[in-house]
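Sharing a sequence plus its predicted fold:
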Amino acid sequence: MSPQPRRWQRYVAIGDSFTEGMVDESPTEPDAYVGWADRLAAALAAENASADLPFGYANLAIRGKLLTDVTDRQTDAALELEPDLVSIVAGGNDCLRPHADLDTLADELESAVARIRATGADVLMATSCDPTWAPFLKVVGRRVAIHSLNVWGIAQRQGAFVLDTWTLRSLRDVRMWGPDRLHLSTLGHQRVAEQAAWTLGLREGQRDWAVPLPPAPSLTRLEAAQGHAAWARTHLAPWVERRLKHESSGDNRAAKRPDVTPVEAPNLVE
């Protein structure tokens, strides 16, 4: 069951590319993204507008960031904005690294959540999406699963909400993912935003967004092989090169929405 809806007035989102919104392209700004958090903010803004209450939103998430970046700098910056709701989603980039210390990551995440909760703000955490449906991500499946279980434990101890994307089976469809196969497509972000709204009590009844899409046409072996090869050239190779150079896609990037400002819900893509 979802909780009774609350009226939050200052929502701050922190995290990595998942919360920045890649690859859900903005229809109005070049090299900018919408994403599930922006869509959730639009839903929260609409709820408050119906009750004649103000609403503001900031998004400090930056692609490529590791958990420490989020629990340190981003958490500090978020608390300065005096939010009453914070979404904190991080650790996915750490899980891609084979020597990640999952216990340490959990301790750092819980410390950040505890800091936020100590201010009286509510916290929305998120599990990872189940990667085991995608062959090239099966290798990280165990680490991702452990991190997701740690998220549930932290949320239980700290009184946080959990956006459960692991069991959102409709995401186990290639159409829910962008060309890089690591980030959600626009459709995927829409579904995650709906799940987030339900988690916070804004949606009731049938969870239509959880229903899988009709089956897609099957690819021939040649078409599948050509697609894998194109993906490796276009997306995998640059990612590996950045790892070897100890670079991040988020280097020298600033947050897309650094201040709490009003949300014009109709302007967000549905």
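Ah, there it is.

Flag the shaky bits of the stretch 51-200 of the chain, pLDDT-wise.
In the predicted model, the stretch 51-200 of the chain carries pLDDT under 70 at residues 134-138, 181.

what ranges do the strands span in it?
If you assign secondary structure with DSSP state E, counting those that start in this stretch, the strands in the stretch 51-200 of the chain sit at 56-59, 85-89, 122-126, 161-163.

from these, which stretch is densest packed?
Comparing these by mean neighbour count (mean count of other Cβ atoms under 10 Å), strand 85-89 comes out on top with a mean of 27. Every C-beta, even on glycine, is put in place using the N, C-alpha and C of the backbone.

Return the distance of that strand from the chain's centre.
A distance of 10 Å separates the centroid of the chain from that of strand 85-89, by Cα atoms, centre = their mean, to the nearest Å.

what angle separates it from strand 122-126?
Interaxial angle, strand 85-89 versus strand 122-126 (axes from the mean of the first three to the mean of the last three Cα atoms, to 10 degrees): 20 degrees.

Other residues contacting strand 85-89?
For strand 85-89, the surrounding residues in contact (Cβ atoms under 8 Å, 6 or more residues apart in numbering) are 8, 10-16, 18-19, 37, 40, 44, 61, 70-71, 75, 78, 109, 112-113, 116, 121-126, 163, 196.

Next, find the distance separating the closest residue in space to Trp177 that isn't next to it in sequence from Asp24.
Of all residues not flanking Trp177 in the chain, Ser185 sits nearest, at 5.7 Å (Cβ to Cβ, 6 or more residues apart in numbering). The gap separating Ser185 from Asp24 is 7 Å, by Cβ to Cβ, to the nearest Å.

Mind checking which of those two has more residues around it?
Under the criterion of other Cβ atoms under 10 Å, the comparison of Ser185 against Asp24 puts Asp24 first, with 25 against 18.

Wait, that one touches Val192, no?
No: the pair Asp24 and Val192 does not pass the contact test of Cβ atoms under 8 Å, sitting 9.9 Å apart.

any residues in contact with both of the two?
36, 184.

hang on, the earlier thing: which members of the contacts of strand 85-89 occur in helices, if any?
With helices defined by DSSP state H, the entries of the contacts of strand 85-89 inside them are 18-19, 37, 40, 44, 75, 78, 109, 112-113, 116, 196.

Looking at those residues, which is nearest Arg142?
Sorting the ones in helices among the contacts of strand 85-89 by how near they are to Arg142, with Cβ to Cβ, puts Leu109 at the top with 18.2 Å.

give the contact list for the closest one.
Taking Cβ under 8 Å, 6+ apart, we find Leu109 in contact with 67, 71, 88, 90-91, 125, 150-151, 154.

As TSV, those residues with distance to Gly201 would be great.
As requested, those are exported to TSV (distance: Cβ to Cβ, whole Å):
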residue	distance to Gly201
Leu67	27
Thr71	26
Ile88	19
Ala90	24
Gly91	25
Met125	16
Asn150	24
Val151	19
Ile154	20
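
From those, list just the buried residues.
In terms of neighbour count (16 or more other Cβ atoms under 10 Å), the buried residues within the contacts of Leu109 are 67, 71, 88, 90-91, 125, 150-151, 154.

Distance of Leu202 relative to Phe55?
When distance is defined by Cβ to Cβ, Leu202 is 13 Å away from Phe55.

What about Ile146, how many residues nearby?
Look at Ile146: counted by other Cβ under 10 Å, it has 17 neighbours.

wait, it sits on Ala100?
No: using Cβ under 8 Å, Ile146 and Ala100 do not qualify as a contacting pair, with a distance of 9.7 Å.

can you map out the helices along the stretch 101-250 of the chain?
Chain-ordered helices for the stretch 101-250 of the chain, with DSSP state H, counting those that start in this stretch as the definition, fall at 102-118, 141-158, 186-199, 221-231, 237-244.

Mind listing residues that contact the third one?
Residues external to helix 186-199 that are found in contact with it (Cβ under 8 Å, 6+ apart): 2, 21, 24-25, 34-37, 39-40, 43, 87, 124, 126, 161-165, 168, 170-171, 175-178, 184, 203-204, 207-210, 269-270.

what angle do that helix and strand 122-126 make?
Counting by the same axes, to 10 degrees, helix 186-199 lies at 140 degrees to strand 122-126.

Centre of the chain to helix 186-199, how far?
Taking Cα atoms, centre = their mean, one finds the center of helix 186-199 at 10 Å from the center of the full chain.
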